[in-house]
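A.B. asks: Pasted the sequence and its predicted model underneath.
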Amino acid sequence: DTGVSQDPRHKITKRGQNVTFRCDPISEHNRLYWYRQTLGQGPEFLTYFQNEAQLEKSRLLSDRFSAERPKGSFSTLEIQRTEQGDSAMYLCASSLESTGEDGYTFGSGTRLTVV
Amino acid sequence: GNSVTQMEGPVTLSEEAFLTINCTYTATGYPSLFWYVQYPGEGLQLLLKATKADDKGSNKGFEATYRKETTSFHLEKGSVQVSDSAVYFCALRTDSSYKLIFGSGTRLLVRP
């Protein structure tokens, strides 16, 4: 197992374009989380899946953001009509329900730059 | 609401110096507390945790004690190394949610 993988590592896009990020969690982990981290700040929670069900969404997740986990394995995060304020590091993490107290395993993130 | 406050960085120390990074929290109920570390170019890694009052989490020479009376979870290490240079995040998870709430992070620079 190679941990949590995120793709791409970096994405530069023009304002108004749509972007999609992918996260592959640790294979046996049934929980998957998306966070956003801006420069000099700690990660902020965006959304959470248990298997394929999206159970919680932050108010930070505007209508332009959508996340899916169609088969309870990998997940995608799409941002439509990107804005400069969307520039950030997008982090994915996963955990196994029975070991939730051990915290999460994070991926290395996708850095989005909107120009 | 629930929140975590960390001391601002950067914290610059010489090798073998003693480290303290302060962390205080506001939360309802009895949260679990965590320290994560982020090395340059890498993802966040769990450093240590504590799940109830007076618990001490420890790992790689780092320690933190869950102090409910002062709502604190300060990170300490007796002798830092250059390889400890990283950004350290304090975080909590309440017992009613699965999400982590992070502080803003403290950058540690250790000079040889």
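C.D. replies: In hand now; what should we look at?
A.B. asks: partners of the host helix or strand of B:Leu48, with directions?
C.D. replies: B:Leu48 belongs to strand B:45-50 when elements are defined using DSSP states H and E. Each strand that pairs with strand B:45-50, with its direction, by DSSP bridges: strand B:32-38 (antiparallel).
A.B. asks: what's the distance between the strand it pairs with and the middle of its chain?
C.D. replies: Strand B:32-38 has its C-alpha centroid displaced from the chain centroid by 5 Å (C-alpha atoms, centre = their mean, to the nearest Å).
A.B. asks: what comes up buried for that strand?
C.D. replies: Taking 16 or more other C-beta atoms under 10 Å in any protein chain shown as the neighbour-count basis, strand B:32-38 is seen to contain the buried residues B:Ser32, B:Leu33, B:Phe34, B:Trp35, B:Tyr36, B:Val37, B:Gln38. From N, CA and C alone the C-beta is placed, and that goes for glycine too.
A.B. asks: likewise stretch B:64-84?
C.D. replies: Under the neighbour-count criterion of 16+ other C-beta under 10 Å, stretch B:64-84 has B:Ala64, B:Thr65, B:Tyr66, B:Arg67, B:Thr71, B:Ser72, B:Phe73, B:His74, B:Leu75, B:Lys77, B:Val80, B:Asp84 buried.
A.B. asks: Enumerate every residue touching the fifth one.
C.D. replies: This means B:Thr71. For B:Thr71, the contacting residues are B:Thr24, B:Tyr25, B:Thr26, B:Ala27, taking C-beta atoms under 8 Å, 6 or more residues apart in numbering or on different chains as the criterion.
A.B. asks: List phi and psi for the residue of chain B found nearest chain A.
C.D. replies: Nearest to chain A in chain B, going by C-beta to the nearest C-beta, is B:Phe102, at a distance of 3.1 Å. In terms of degrees, to the nearest 10, the main-chain angles of B:Phe102 are phi -100, psi 150.
A.B. asks: picking that back up, so which of the buried residues of stretch B:64-84 belong to helices?
C.D. replies: Among the buried residues of stretch B:64-84, no residue falls in helices (DSSP state H).
A.B. asks: any chance of those residues in TSV, with pLDDT too?
C.D. replies: Converted to TSV, these look like this (pLDDT from 0 to 100):
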residue	pLDDT
B:Ala64	98
B:Thr65	98
B:Tyr66	97
B:Arg67	96
B:Thr71	96
B:Ser72	97
B:Phe73	98
B:His74	98
B:Leu75	98
B:Lys77	98
B:Val80	97
B:Asp84	97
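A.B. asks: Name the residues of chain A found near chain B, please.
C.D. replies: Contact residues of chain A with respect to chain B, defined by C-beta under 8 Å from any C-beta of the partner chain, are listed as A:3-4, A:31, A:33, A:35, A:40-45, A:48, A:55-56, A:58, A:91, A:93, A:100-109.
A.B. asks: Out of those, which sit inside strands?
C.D. replies: Among the residues of chain A next to chain B, the residues falling in strands (DSSP state E) are A:Arg31, A:Tyr33, A:Tyr35, A:Glu44, A:Phe45, A:Tyr48, A:Leu55, A:Glu56, A:Leu91, A:Ala93, A:Thr105, A:Phe106.
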